[in-house]
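In: Give me the fold of what follows.
(one chain, ligands or ions: 2)
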Amino acid sequence: MGKALIVIDMQPDFCPGGRLAVAGGDEIVAPINDLMADFDAVVLTQDWHPPDHASFAENHPGAAPFSMIDMPYGPQVLWPAHCVIGSEGARLHPALAVDCADLILRKGFRPQIDSYSAFFENDHRTPTGLEGYLRARDLPDLTFVGLAHDFCVAWSAIDAAKLGFRATVIEAATRAIDLNGSREAARANMRKAGVELA
Ligand code: VGL
Ligand code: ZN
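Out: Ligands and ions are numbered 1, 2, ... in the order given. Sure thing, here's the model as predicted:
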C-alpha cells in the first residue's frame, strides 16, 4: 500500500522555447526532482503524437491553433503541432531525474484521438493501462505534478479520483496554459471530483 508521484508531460515542447510553451514550465523541474524521494513509486508520462495527429491545427486546413472542433468523441482544442514522435521537443526534459522513474507511460500516439489524461484517451473510455499498473503495485495514493495544470494534469487527477484513487495535485509544481479561463475551470472541476489541491 503505497503512494506514487505521477509527473505529467515534462517535455521541452511544453517549456519556454517549445512548440506549445507553458509559461514557467521549466521552473518546476527542480521542485519535481526534489519530490521524487518522498514516494514509493515515480511514474512519468510523455505526450507522444504522430505528425498526422488529429489534435494538430495544421492537419485541419484553414483551422487556427487554439480553436475548437467537434471530434467523434466530443469537443477538441486544436493545438500547434507538439511532442511529435522522435522530435527533440517530445523528449523528457533533460534536467528531469528520469533515472528515478519506475515507469514511463506514453500517450496520444493514436492519430485520431487525443489523450490528455494519463488513464484514458479523450473518449474517456480507451484505457492507457496506468490504472492496472497502479492497482497491481498497490499504489492507491497518487500525487500529480507537471504540465499543463489545466489540461493533462487536471484530466489525469480527475480520472484518478473517479477511479477511486486518492488524488492530490501540488499546484506549486504545475504551470497552466490558461486558455479562456481554463485554469480556474480546471480547479473547480478538480475540487468537484474530489481532487485535493495542495
Ligand atoms: C497537453 C495540450 C495538448 C498537456 C498535451 O500536457 O497538458 N496539452 N497536449
Ligand atoms: Zn498533446
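
In: CA only for contacts and neighbour counts going forward, please
Out: Will do.

In: Flag every residue of this structure that's near ligand 1.
Out: Contact residues, the chain versus ligand 1 (Cα under 6 Å from any ligand atom): 9, 116, 147-148, 151-152.

In: how many other residues sit next to residue 191?
Out: Neighbour count of residue 191, defined by other Cα atoms under 10 Å: 12.

In: for residue 198, same thing?
Out: What residue 198 shows, counting by other Cα under 10 Å, is a neighbour count of 10.

In: sorry, back to before: now render the residues of the chain next to ligand 1 as JSON lines, adding secondary structure and pLDDT.
Out: Listed next are the residues of the chain next to ligand 1 as JSON lines, based on DSSP: H, G, I helix; E, B strand; the rest coil; pLDDT from 0 to 100:
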{"residue": "9", "secondary structure": "coil", "pLDDT": "98"}
{"residue": "116", "secondary structure": "coil", "pLDDT": "98"}
{"residue": "147", "secondary structure": "strand", "pLDDT": "98"}
{"residue": "148", "secondary structure": "coil", "pLDDT": "98"}
{"residue": "151", "secondary structure": "helix", "pLDDT": "98"}
{"residue": "152", "secondary structure": "helix", "pLDDT": "98"}
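
In: Do a quick rundown of the helices in the protein.
Out: Counting by DSSP state H, the chain has these helices, from start to end: 29-35, 130-136, 154-162, 182-193.

In: Can I get the lengthiest strand in the chain as CSV, trimmed to CA atoms?
Out: If you go by DSSP state E, the chain has its longest strand at strand 166-175. Extracted C-alpha coordinates of strand 166-175, given in CSV (Å, rounded to 0.1, in the frame of the first residue of the first chain):
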residue,chain,number,x,y,z
ARG,A,166,-6.7,9.3,-3.6
ALA,A,167,-5.7,12.2,-5.9
THR,A,168,-3.7,15.3,-4.9
VAL,A,169,-2.3,18.0,-7.1
ILE,A,170,0.7,20.0,-5.8
GLU,A,171,-0.2,23.2,-7.7
ALA,A,172,3.2,24.8,-7.0
ALA,A,173,4.8,22.1,-9.1
THR,A,174,2.5,22.7,-12.1
ARG,A,175,2.0,25.5,-14.6
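
In: what pLDDT, on average, does that strand get?
Out: Confidence for strand 166-175, expressed as mean pLDDT, is 98.

In: now stretch 127-135
Out: Mean pLDDT, taken over the full extent of stretch 127-135, equals 98.

In: which stretches of this structure have low pLDDT?
Out: Within the chain, no range satisfies pLDDT under 70.

In: most centrally placed residue in it?
Out: residue 152 (3.1 Å; Cα atoms, centre = their mean).

In: Please look at that one and residue 117 and confirm they touch.
Out: Yes - between residue 152 and residue 117 a contact is recorded at 5.4 Å, counting by Cα atoms under 8 Å.

In: Could you identify which of the helices of the chain is most buried?
Out: Across those, averaging neighbours per residue (mean count of other Cα atoms under 10 Å) puts helix 154-162 on top, at a mean of 23.

In: just the angle between that one and helix 182-193, please?
Out: Angle between the axes of helix 154-162 and helix 182-193 is 0 degrees (criterion: axes from the mean of the first three to the mean of the last three Cα atoms, to 10 degrees).
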